[in-house]
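1. Need a 3D model of the following:
(one chain, ligands or ions: 1)
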Amino acid sequence: MKLETPVIIVNFKAYIQGTGSGAGRLAKICEKVAHDTGKNIVIAVEEVDLHRISSMVDISVFSEHMDPIHPGAHTGQNLPEALKENGAKGTILNHSEDRFRIDMLKGSISRAKELELVTVVCANDADTAEAVAAFEPDFIAVEPPELIGGDISVSTSKPEVITDTIAQVKKVAAIPVLCGAGVKSGEDVKKAIELGADGILIASGIVKAEDPEKALRELAEAL
Ligand code: G3P
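-> Predicted coordinates for the structure are as follows:
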């Protein structure tokens with residue numbers, strides 16, 4: 001599958017508003033805003049919600065994690081084939097809240113390529129982004145960990161993280177770069193795109209918003 005850019009990826013994480021019935025409500029809102037604005041919106045949900053959510057909406061649904069395993073004797077891991085059969089079109093990997101050993105990251109990216117699943121690999125800074133670019137994921141998302149979940153956006157407070165990441169990744173391979181952490185407003189999105197990002201990765205600004213539809217619409221319109 002090919003993911004069009006610019007894109008907004010809404011990571012539902014394990015927020016109560018983004019799991020179980022909350023995930024269903026939120027997914028429908030994301031689908032509605034995607035339709036109304038014509039913008040590309042992808043959602044990433046917990047593995048347990050994948051099947052139900054992907055059957056409910058026609059926007060792409062990603063997993064928040066995927067293990068580098070083949071079918072067989074593994075316990076408690078996310079099998080790529082199972083994620084795909086349950087509706088995943090891609091997966092986030094190496095999120096700040098779910099760091100991966102480098103060999104496992106490489107393995108998951110290569111398993112995703114076999115199954116034509118899109119990979120969005122997170123990195124905390126430009127150097128890490130440059131390093132993981134060697135594995136040629138489909139996207140790299142740079143997120144300064146200290147800004148995640150806060151109210152100060154990466155594009156406003158650390159624009160150099162975005163521009164440095166784009167420049168350093170480009171030296172290795174032509175991989176689109178997303179950015180995230182603290183994104184809350186249309187202004188934040190506009191700034192990120194002006195800096196050269198191909199989209200944003202966002203969680204709390206939508207999932208925990210009082211009015212998620214209004215919040216997402218503002219971001220989508222700025223994309
Ligand atoms: O995966 C997106 C994320 O880590 C950013 O989180 O809450 O700062 O939008 P947030």
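
2. Just list the residues touching Ile9, thanks.
-> With contact taken as C-beta atoms under 8 Å, 6 or more residues apart in numbering, Ile9 is in contact with 41-44, 62, 92, 120, 141, 178, 199-202. To be clear about C-beta, it is placed using only N, CA and C from the backbone, and glycine gets the same treatment.

3. I'd like the residues you listed laid out as JSON lines, including distance to the ligand.
-> Shown next, in JSON lines, are the contacts of Ile9 (distance: C-beta to the nearest ligand atom, whole Å):
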{"residue": "Ile41", "distance to the ligand": "14"}
{"residue": "Val42", "distance to the ligand": "12"}
{"residue": "Ile43", "distance to the ligand": "11"}
{"residue": "Ala44", "distance to the ligand": "7"}
{"residue": "Phe62", "distance to the ligand": "11"}
{"residue": "Ile92", "distance to the ligand": "7"}
{"residue": "Val120", "distance to the ligand": "9"}
{"residue": "Ala141", "distance to the ligand": "7"}
{"residue": "Leu178", "distance to the ligand": "9"}
{"residue": "Gly199", "distance to the ligand": "12"}
{"residue": "Ile200", "distance to the ligand": "8"}
{"residue": "Leu201", "distance to the ligand": "4"}
{"residue": "Ile202", "distance to the ligand": "4"}
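
4. Next, check those against the helices and list the overlap.
-> Using DSSP state H, no member of those falls in helices.

5. which one of those is nearest Ala129?
-> Among the contacts of Ile9, Ala141 lies closest to Ala129 (C-beta to C-beta), at 8.6 Å.

6. I'd assumed Val177 was in contact with that closest one.
-> Yes - applying C-beta atoms under 8 Å, one finds Ala141 in contact with Val177, separated by 7.5 Å.

7. that older thread, mind listing which of the contacts of Ile9 are in strands?
-> Under the assignment DSSP state E, the contacts of Ile9 contribute 41-44, 62, 92, 120, 141, 178, 199-202 to strands.

8. Any chance of a markdown table for these, columns pLDDT?
-> Below are the ones in strands among the contacts of Ile9 laid out as a markdown table (pLDDT from 0 to 100):
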| residue | pLDDT |
| --- | --- |
| Ile41 | 97 |
| Val42 | 98 |
| Ile43 | 98 |
| Ala44 | 98 |
| Phe62 | 98 |
| Ile92 | 98 |
| Val120 | 98 |
| Ala141 | 97 |
| Leu178 | 97 |
| Gly199 | 96 |
| Ile200 | 96 |
| Leu201 | 97 |
| Ile202 | 97 |
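
9. Okay, and the residue nearest to Lys184 when sequence neighbours are not counted sits in which element?
-> Ranked by C-beta to C-beta, 6 or more residues apart in numbering and with sequence neighbours excluded, the top spatial neighbour of Lys184 is Gly205, at 4.4 Å. In this assignment (DSSP states H and E), Gly205 forms part of helix 204-207.

10. for that helix, what is the average pLDDT?
-> Averaging pLDDT along helix 204-207 gives 96.

11. what does this protein put close to the ligand?
-> Residues of the chain lying near the ligand by C-beta under 6 Å from any ligand atom: 11, 95, 143, 148-149, 180-183, 201-205.

12. what do you get if the cut-off is 8 Å, keeping everything else the same?
-> Within the chain, the positions adjacent to the ligand are 9, 11, 13, 44, 92, 95-97, 122, 141, 143, 147-150, 180-184, 201-208 by C-beta under 8 Å from any ligand atom.

13. Would you mind checking those for buried ones?
-> Neighbour-count burial (16 or more other C-beta atoms under 10 Å) applied to those gives 9, 11, 13, 44, 92, 95-96, 122, 141, 143, 147-148, 180-184, 201-207.
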